[in-house]
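> From the sequence below, what's the structure:
(2 chains)
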Amino acid sequence: MKLKKIIIAMAIGSLSAVASAANYADFPVTVKGYQGDKTTSVSYGGQTARHLLHNALKELAYKGNGKPNPELLAQMNAYFSGTAENRGILNPVSKDGFKVAETNIDELSKGKNLAGKTYKGVVSGWPGNQTAVEVLEFFIKKASESDQGFDYVNGMDYPQLISKFAMGAIFYNQAVDSYLDEKLAADVKPNDKPYKEGAAYTGKEHVWDEAFGYFGVPVNGTTVSVNDTSAISKSSKDVFAKADINGNGKVDLGSEMIYAHASYAAGADKAGNSNYLKTITQAFIDGRQLITDAKGEKLSVEERKALMEYADVIKTNWELVIAESAFKYAGSVYADALALQAGIEKNEDVKDAFKSYLHHWGELKGFSLALQTGGKDLGGFAVSLNRLIGYSPVLLGNTQVTGIDSEGNYEQESSIDLNEFALHMLKVQKLLADKYPLQARLKDKLGNLAALSEKLGAGNSTEND
Amino acid sequence: MDNFLSEYWDDLSSLFSNSQQRLFWGYLLCAMFIAALYSLKNNTEPLFTKFTNAFGFPHWFSKSAIADYKMIIINKAIYLLCNPLLLGKLTVATFIFEGMHQLVGHRNLDIETPGWIIVTAFTLFIFTFDDFARFYTHKIMHEVHWLWEFHKTHHSATTLTPLSVLRTHPVEGLLFAIRGALVQGISIGVFIFLFDDKVDLFTVLNVNIILFVFNVTGANLRHSHISIGYYKCIEKYFISPAQHHIHHSTSPRHFNKNYGAILAVWDKLFNTFHHSESDVTLQYGLSKNQLANEQTLKKLYLSAFINSYRIIKKRLFTYSLRFSRSKSNTVNEPQ
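Here you go, the predicted model:
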């Protein structure tokens, strides 16, 4: 019986391999009556442009000099909410052995910004009852006044907070709560009409492409190794040849670079216990193939049902990638808090340890807030998560940020000590592991207990003497 | 139901296939080999008789041994049903691990102890802690009257075979499982707190290396008819099979001796140590005149409940009597 099932699964697998494209590229134009000269219907330049806007914003967030800096603030806002032409690409840029094709955002798409596509809900994990746009604007203003991204008095690392939260509130939210959700409805952006007048792609083709673009994976995401993907995200010259898929001597930022959550999926998969990057990318490719196979006709009920199943695979695994990242950084903050406490007790210089602690907390906070922007009501889980992580890490005088006053200044109050905060991080890991079927579990602090427990086995427990 | 049966069968068969169990086929083979060597060296009978003596065929078919088999089969089902209700070692380990943060604060993260020292320390610690816990639980099972009623099930065996190691009343078995969870949970929680992911166990065939050595050097002969004693200087430190036979002896002078599992030092410390006696033929069981019905399942499973209930009831009655007397004395005391 089992053998029969395996043979059927292999047959289906090989058939789908034949039917499906290997890369997310070159899907033909299927729009009926298309008059233009495009040969492919794939298009997600706007999403790549937003990844580059996000990268630039993160780069600029490190530039603060510790004083109010209107010029830097204006620069950051230009990438967040502006739509002006000729905004330069700040990351990635060409370097020795790793040449990139584009230098200007407009080369990918014109008139794009981040603010217009940010999650519209209130962020309950941040004080002040602010919407996601307001929270990001608050972070940006604080970053422009920070000491190279850090606020050591209140325990903030703004580049991390901005980046990790924006990835959720913009890319994840747009993809899972819009393109792979309401925009897959039968009557929204149908497949028998162009997305807009004269477009080379149908409504559903472009909806799917936009979701794919937000994930941030290169077109060959199912075949490239996760180690290489990780190196590509760092623009390492060692992997240039692998990154330059079309062999034109430069990395095309629209199709050959890795961004945002795709990069974190690869990071999780590197340990070998998970396969998020390929699972999500394959579901995108299979879904796109299904839409292409409809040949510009409206999707049937069965086709749309199958498409929704691919969307579910993507949404579920994407959420897991964010949860895995939060899990990992909770483990890092746990270790940092204990190291910091040890350093303080030994009267050592703890500046670097403190910086590392703030850095990892910023990542944890950003990912935990991002997890709450997918349009799902996470209920009591989100409440517990936000309370355990806090509005800031526990600071050296055992205080924590508890709110923001009407002037936008942080308010601090006495809190727990570093050891107890470290325990909170263990509880964060447990909370995440109980809520999600995590597979990578990087920096798993309770996992050591489980692994050793497993190794000892039940053994001689009921033997008599 | 299918799941239960399949899990039950897996559990039962793993007794002989899992190297973490005393009855693992490899350890049984080792015991047989040692028994054969011992028989060849020490008996004067013809070769064939020496071998049949070594394997003790008549013992395996005695009423006592058959009762062992029945209990193993029934107990496995009981343990499987009770398992989800029991305290798990991971729960204990997590509790200890979290408690250490609150009690001790931070651990010495920059400790530069080489990994092999930590692994050796953990291997030795968990072995010693477990061995002591087994000794002390065993002592209590003998010396607390109502608990002895449950442990009597094990001691009612009149012939010993390696399978007698699992002739245990289920109540006692569950107490042992809790003991195991506490010992392992505490050890894991403390060591992971102190040394994080450097903690590991030296193992052979997935078993603590020290237990492995114990198992391959004839652990199964502790419950057998082959009475191998060690030199006296060794018996002071390690319990020999013959010393464990003393523990099962019906002779009153052997009562409450040699509780130890592997190390004899605990018996030395608690004055319960007794050397093996090579010149004495021992009889096993509860008493020389043990009743024939001691091997029935009804007696093996139910007597312990009835007798321990009587003991506890009597004890409670005595306490309440003492309490009411002392109360009436207080009331009648002249002002």
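> now residue A:362: how far from chain B?
From residue A:362 over to chain B the distance is 22 Å, taken as Cβ to the nearest Cβ, to the nearest Å. Quick note: C-beta positions are derived from backbone N, CA and C, even for glycine.
> Ok, residue A:266 next?
Using Cβ to the nearest Cβ, we find residue A:266 at a distance of 23 Å from chain B.
> likewise residue A:216?
Taken as Cβ to the nearest Cβ, the span from residue A:216 to chain B is 32 Å.
> Number of residues surrounding that residue?
25 (other Cβ atoms under 10 Å in any protein chain shown).
> if I pick residue A:400, what's in contact with it?
By Cβ atoms under 8 Å, 6 or more residues apart in numbering or on different chains, the residues touching residue A:400 are A:390-394, A:412-413, A:415-416.
> so residue B:275 makes contact with residue B:233?
No. With contact defined as Cβ atoms under 8 Å, residue B:275 does not count as touching residue B:233 (10.6 Å).
> neighbour count winner among the two?
Set residue B:275 next to residue B:233 and count neighbours by other Cβ under 10 Å: residue B:275 wins out with 17 against 7.
> tell me the contacts of the more buried one?
Taking Cβ under 8 Å, 6+ apart, we find residue B:275 in contact with B:229, B:232, B:235, B:243.
> hmm, back to that, can you redo the contacts of residue A:400 as TSV with secondary structure, pLDDT and distance to residue A:302?
What follows is these, written out as TSV (DSSP: H, G, I helix; E, B strand; the rest coil; pLDDT from 0 to 100; distance: Cβ to Cβ, whole Å):
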residue	secondary structure	pLDDT	distance to residue A:302
A:390	coil	97	48
A:391	coil	98	48
A:392	coil	98	51
A:393	coil	98	51
A:394	coil	97	54
A:412	strand	97	58
A:413	strand	96	58
A:415	coil	94	56
A:416	coil	92	55
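> quick one: low-confidence ranges for chain A?
Confidence mapping of chain A against pLDDT under 70 gives the ranges A:1-21, A:458-461.
> mind checking the SS state of the residue in the stretch 151-300 of chain A that chain B sits nearest to?
Chain B sits closest to residue A:271 of the stretch 151-300 of chain A, with a gap of 13.5 Å, by Cβ to the nearest Cβ. Under DSSP: H, G, I helix; E, B strand; the rest coil, the three-state class of residue A:271 is coil.
> what about the nearest residue to it once chain neighbours are set aside, how many neighbours?
Spatial nearest neighbour of residue A:271, excluding adjacent residues (Cβ to Cβ, 6 or more residues apart in numbering or on different chains): residue A:440 at 5.5 Å. Residue A:440 is flanked by 24 other residues according to other Cβ under 10 Å.
> Quick one: residues contacting the residue most central in space within chain B.
What sits nearest the mean C-alpha location of chain B, by Cα atoms, centre = their mean, is residue B:134, with 6.0 Å. Residue B:134 makes contact with A:465, B:179, B:260-261, according to Cβ under 8 Å, 6+ apart.
> For it, give me phi and psi.
Phi and psi for residue B:134, reported as degrees, to the nearest 10, are phi -70, psi -40.
> one step back: what's the ChimeraX line that selects buried ones from the contacts of residue B:275?
The buried subset of these, as determined by 16 or more other Cβ atoms under 10 Å in any protein chain shown, is captured in ChimeraX by this line:
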select /B:229,235,243
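> And residue B:277, how far from residue B:235?
Plainly put, residue B:277 is 11 Å away from residue B:235 if you go by Cβ to Cβ, to the nearest Å.
> intersection of neighbour lists for these two?
Among the neighbours of residue B:277, those also in contact with residue B:235 (Cβ under 8 Å, 6+ apart) are residue B:229.
> confidence score at residue B:169?
For residue B:169, the pLDDT comes out at 96.
> how about it, what does it touch?
B:150-151, B:153-154, B:300-301, B:304.
> Can you tell me which of those is closest to chain A?
residue B:154 (4.7 Å).
> my guess is that closest one contacts residue B:171, does it?
No. Using Cβ under 8 Å, residue B:154 is not in contact with residue B:171, being 11.7 Å away.
> Looking at the two, which has the bigger crowd around it?
More crowded of residue B:154 and residue B:171, by other Cβ under 10 Å: residue B:154, with 23 against 18.
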